[in-house]
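In: Structure for this input, please:
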Amino acid sequence: MDLSYLILIGITVSIDGFFAGMAYGIKKITIPYASLLTIGLVNLFCTTIAICSSLYLGHFINPIFAASISALLLILLGTINLLKEYISDLTDKTSDKFKITIPIGCLVINIMKKPECADVDHSLILNTREAILLGFALGIDNMTAAFAIGLMTPSPCYVPITLSVIQISLVWFGIIFAGKIAKDTWQKRTAYIPGIVLILMGLLRIL
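Out: Below you'll find the model as predicted:
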């Protein structure tokens, strides 16, 4: 696995972490180092499971077929990201008429749309338990990407670690960046880029 390719995938699927960090910075919600580490550990757990699962399935799948599946997963992940941003824009415009009422998934969906919702007790400090919720919400894309990476090629142990470090770093950079730029303008202009990049990467794997 080429490290530069891994870093590109990691940044692309973890961009939500950057926006989450921006949201916390703007809302003046503090993320202690312990909570930041918890987010990384949850991400590490999720990606490790995904990598191990793909490696196990790889023993029963033809390598060429596995590579095709991994490319399709990247395209699917990119498409889901684009749809997520479109739905987010739609619900912003019709917030009074459209409400998400999924009983189990509602909290995760709300966190992905408004990351500051993870601060359940409204203490303006993200504690460890709340960080676990955020970690799982942010780790969904990383799990899919890690599974795809595992199908592409036997993945070394540094893959989950790299993805987790990227996730933590983007959350931290988002917090720092929050005080330097307007809240919505930059995010809205770049929201669709990660999905497009993932689709292009998947298409390049097929071609």
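
In: ok, Ser142 - contacts?
Out: Not quite, residue 142 is Asn, not Ser. Asn142 makes contact with 10, 13-14, 43, 46-47, 50, 163-164, 167 under the criterion CB atoms under 8 Å, 6 or more residues apart in numbering. In this view, the C-beta of every residue, glycine as well, is placed from N, C-alpha and C.

In: Can you tell me the element it falls in?
Out: helix 128-152 (DSSP states H and E).

In: Could you look up the next helix or strand downstream of that helix?
Out: Scanning onward from helix 128-152 (DSSP H and E), the first element met is helix 158-178.

In: Next, the angle from that next one to helix 128-152.
Out: 130 degrees (axes from the mean of the first three to the mean of the last three CA atoms, to 10 degrees).

In: And helix 158-178, what does it pack against?
Out: helix 3-13, helix 15-26, helix 33-58, helix 128-152 (3 or more CB pairs under 8 Å, 6 or more residues apart in numbering; DSSP states H and E).

In: got the buried residues for the helix or strand hosting Phe65?
Out: Taking DSSP H and E as the definition, Phe65 sits inside helix 63-93. Neighbour-count burial for helix 63-93 flags 66-71, 73-75, 77-78, 81-82, 84-85, 88 (criterion: 16 or more other CB atoms under 10 Å).

In: For it, which helices and strands make contact with it?
Out: Using 3+ CB pairs under 8 Å, 6+ apart: helix 63-93 touches helix 106-113, helix 128-152, helix 193-206.

In: where in the chain is pLDDT low?
Out: Applying pLDDT under 70 to the chain flags the ranges 1, 63, 88-89, 91-122, 153-156, 179-191, 205, 207.

In: again, only this time at 90
Out: Applying pLDDT under 90 to the chain picks out residues 1-32, 46, 50-160, 174-207.

In: Could you list which residues are in contact with the closest residue to Gly78 other than its chain neighbours?
Out: The shortest distance from Gly78 to any non-neighbouring residue, by CB to CB, 6 or more residues apart in numbering, is to Leu198 (3.1 Å). Leu198 is in contact with 9, 12-13, 74-75, 77-78, 81, counting by CB under 8 Å, 6+ apart.
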